[in-house]
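**Student:** Give me a model of this one.
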Amino acid sequence: MGGVERLLSSPYLRCRQTLEPLAGRLGLSIGDEERLVEGTPFSQALALITAPGTSAALSTHGDIVDDLVTHVIRRGLVTPAAAGSSKASTWQLEVADGEITSARYIPPPR
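**Tutor:** This next block holds a predicted model:
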């Protein structure tokens, strides 16, 4: 994941553990982010995702990922056939002017 300058995670242990290998490779610390906690209203998570700033890798829970998938499909950025939310999968997002402008689903490693 080239270009990642910041790591943010739900403070739940499993989410933090997901980012630990990347943190080690990049020499970055993982910041806890309450807007990534399970049950957070999607509008709050989306505000974090689309906020201006450095390139970040985020780790969150299935409910937020499901809402993200619905959001990018509704915006016409991906088709339902090209979307997914499997555990250990990744979404690569591009953001400009506070909006997600492109989205790509990367299935979990086999």
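**Student:** ranges for the strands of this protein?
**Tutor:** For the chain, the strands defined by DSSP state E cover 6-9, 30-32, 56-59, 90-96, 99-106.
**Student:** got those strands as TSV, with mean pLDDT and mean neighbour count columns?
**Tutor:** In this view, the C-beta of every residue, glycine as well, is placed from N, C-alpha and C. Formatted as TSV, those follow (pLDDT from 0 to 100; neighbours: other CB atoms under 10 Å):
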stretch	mean pLDDT	mean neighbour count
strand 6-9	97	20
strand 30-32	98	16
strand 56-59	97	21
strand 90-96	96	14
strand 99-106	96	14
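**Student:** who wins for proximity to I73 among the ones you listed?
**Tutor:** strand 99-106 (9.0 Å; CB to CB).
**Student:** Any idea what the spatially most central residue of the chain is bridged to?
**Tutor:** Central residue check for the chain by CA atoms, centre = their mean: the C-alpha nearest the mean position is that of L58, 4.4 Å away. Beta-bridge partners of L58, counted by DSSP bridges, are L8.
**Student:** In JSON lines: the strands of the chain, plus distance to Q17.
**Tutor:** Shown next, in JSON lines, are the strands of the chain (distance: least, CB to CB, whole Å):
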{"stretch": "strand 6-9", "distance to Q17": "9"}
{"stretch": "strand 30-32", "distance to Q17": "10"}
{"stretch": "strand 56-59", "distance to Q17": "9"}
{"stretch": "strand 90-96", "distance to Q17": "15"}
{"stretch": "strand 99-106", "distance to Q17": "19"}
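**Student:** Quick one: closest of these to T50.
**Tutor:** Among those, strand 90-96 sits nearest to T50 (CB to CB), with 5.2 Å.
**Student:** Remind me what that closest one packs against, helices and strands.
**Tutor:** helix 62-74, strand 99-106 (3 or more CB pairs under 8 Å, 6 or more residues apart in numbering; DSSP states H and E).
**Student:** want to try JSON lines for these, with distance to L7 as columns?
**Tutor:** Output for those, formatted as JSON lines (distance: least, CB to CB, whole Å):
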{"stretch": "helix 62-74", "distance to L7": "16"}
{"stretch": "strand 99-106", "distance to L7": "17"}
